[in-house]
Each structure stands twice: as C-alpha cells, then as structure tokens.
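Q: Model the structure of this input:
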Amino acid sequence: MLASLAFPAFDPVALQIGPLAIRWYALSYVVGLLLGWRYCLYIAQRPPLPLSRSLFDDFFLWALLGVILGGRVGYILFYNFADYLANPLEILKVWHGGMSFHGGLIGMLIAIGLFARSRSLPYFAIADVIAAAAPIGLLLGRIANFINGELYGRPTDMPWGVVFPAGGSVARHPSQLYEAALEGLLLFLVLFALARFTDIRAHIGRLSGAFLAGYAVSRIIAEFFREPDIQLGFLIGDSTMGQWLSVPMLLAGLYLLFRRAPRPQ
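A: Presented below is the predicted three-dimensional model:
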C-alpha cells in the first residue's frame, strides 16, 4: 500500500466570539450566499434580459430560507427519516449537521417560483441567474465538508488517500475535494463561459438546464468515490442515494437544454 496523507488537524470552529461559535460549515453557507448574490448581480445586469439589483437584493432572504429549510427537510426525508421520526426533537438541532443538496435545490426552486410569481416575472428569468451562481456555494460547502472530516470517500491505495479521524485507520478518497472540483469549480467555469461567450441566456431555461445536467453528471461520478451514508449503504447494483436523486436532475436538465426555449420578450 502506498503512503497516505494524515488528515490535517482542522478546528471545526472558524470563529469564536465569546460564547458564539461560528463553524466552517455555517460560514460556507453564509459566504457562499453572499458571493453568489454578488455574482447574480453581475450576470443579471447583462443582456439580453437585464434584471435590477433591487430584485436580487429582495430575493436574498428567500434564497436563504429556501436553501436552509429545503436542505434540512431533504436530509430528513431522503437520508435519515426513521431516526428523526423516532427522535423528532433532533430535527431542530441543525448544529449537529444533516443537510441535503437535493433538498436545498427543491427549496430553492420553490423559493424562486414564489418570488417570481410575486414579481410577475418568468420563472427561468430568475432561475437562470441563480443557476450560474450556485456552484460558488457548492465549492465552499464541499471544502467545509473536508474541513469537518465528513462525507469522506471509499478506501483507496492512491498516494493522495487521506486517513480521516471518523473513517477508521484506512486511507480514503478525499471525495469532498473531488466534488468541490467537479460540482464547484469546473461547473462554475462551464456556466460562466456559456453565459459570457454564447447566446444561451437568449433562450430562457437553458442555463438552468446546463446547471442541472452538469451537477447531476458531476455528482454521479463523484459518488463512485464517496462512501455511502452508513444508515443507507449501497442501493441497487452498488448505486447510492446521491446517484438516484441526481437522475431526475439529469433528465430535467437535458429537457431544458434541448427543448425549444422561448426567447425573452
């Protein structure tokens, strides 16, 4: 077996202010939303469908609630429903962890729908802008997963394998960093290039489709290296819950990419 890397001794608390402890995971959500909001302002003010800054200022709180509530409810329903049903008070203990990207996505989709309706705007006029910025939060979230030593990968004998404190004495794939690179950095660059150098925004819904399909493919690939959740294990044919939840995203993304999308009026 080749040499492995020891897990760095990260402090899970990023900032301590008196009795208030700000953890890296919570910080990643806040910073990701703030940076995503700033990037939304940049994308939204570009043609062919410019949207006002005040619109996204107003949407920020909707996005925050959609991601956090959706992420929590999604984790409860998709990954650990039986335990939370037996111990319902644990649902409120968000500081113990337990967030689902797919749940957060559903929460965000609902928030966009309600907000767009309240402003009498086309759904995808807002969703396309949010889609372009979403990988920023994904990148930071996966780095926070690595710092926390959670959601680690399957055993490996590759030289960059990491021995995680919660993963036993074996070296494992740093799958959090794989996901940060695929779902975060690479997907951001692809969507940036599409929004900046092509006319994809002239066909509303296609940028959202590119995000959905790109994330789904990235997640499905990364799941081959990630240890499945212990309470679920492997599903049909050694597949994982993360892969199955990504299949509808892939289908929806391909539909949005290849349908006859209307042009902005």
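
Q: Sketch out the low-pLDDT regions of this protein for me.
A: By pLDDT under 70, the low-scoring segments of the chain are 1-4, 48-49, 92-98, 261-265.

Q: tell me the phi and psi of the spatially most central residue of it?
A: What sits nearest the mean C-alpha location of the chain, by CA atoms, centre = their mean, is residue 138, with 4.1 Å. Phi and psi for residue 138, reported as degrees, to the nearest 10, are phi -60, psi -40.

Q: contacting residues for it?
A: 32, 101, 179-180, 183-184, 187, 215 (CB atoms under 8 Å, 6 or more residues apart in numbering). The way it works is simple: take the backbone N, C-alpha and C, and place the C-beta from them, glycine included.

Q: likewise residue 167?
A: 149, 152, 227.

Q: let's see it at 6 Å
A: residue 152 (CB atoms under 6 Å, 6 or more residues apart in numbering).

Q: Against residue 101, how distant is it?
A: 21 Å (CB to CB, to the nearest Å).

Q: Going by residue numbers, what spans are strands in the stretch 51-200 of the chain?
A: 162-163 (DSSP state E, counting those that start in this stretch).

Q: now the helices for this protein?
A: 24-44, 53-79, 81-86, 101-118, 123-148, 175-179, 187-197, 206-223, 241-258 (DSSP state H).

Q: Output those in CSV; the columns should cover distance to residue 156.
A: Below are the helices of the chain laid out as CSV (distance: least, CB to CB, whole Å):
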stretch, distance to residue 156
helix 24-44, 24
helix 53-79, 24
helix 81-86, 29
helix 101-118, 23
helix 123-148, 15
helix 175-179, 10
helix 187-197, 24
helix 206-223, 14
helix 241-258, 18
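
Q: Select, out of these, the one closest to residue 232.
A: helix 241-258 (5.4 Å; CB to CB).

Q: Which other helices and strands does the closest one contact?
A: helix 206-223 (3 or more CB pairs under 6 Å, 6 or more residues apart in numbering; DSSP states H and E).

Q: how much does the helix it packs on deviate in direction from helix 241-258?
A: Helix 206-223 and helix 241-258 are oriented at 150 degrees to each other (axes from the mean of the first three to the mean of the last three CA atoms, to 10 degrees).

Q: Give me the contacts around helix 206-223.
A: Counting by CB under 6 Å, 6+ apart, 124, 127-128, 131, 175, 178-179, 182-183, 187, 194, 200, 240, 242-243, 246, 249-250, 252-254, 256-257, 261 sit against helix 206-223.
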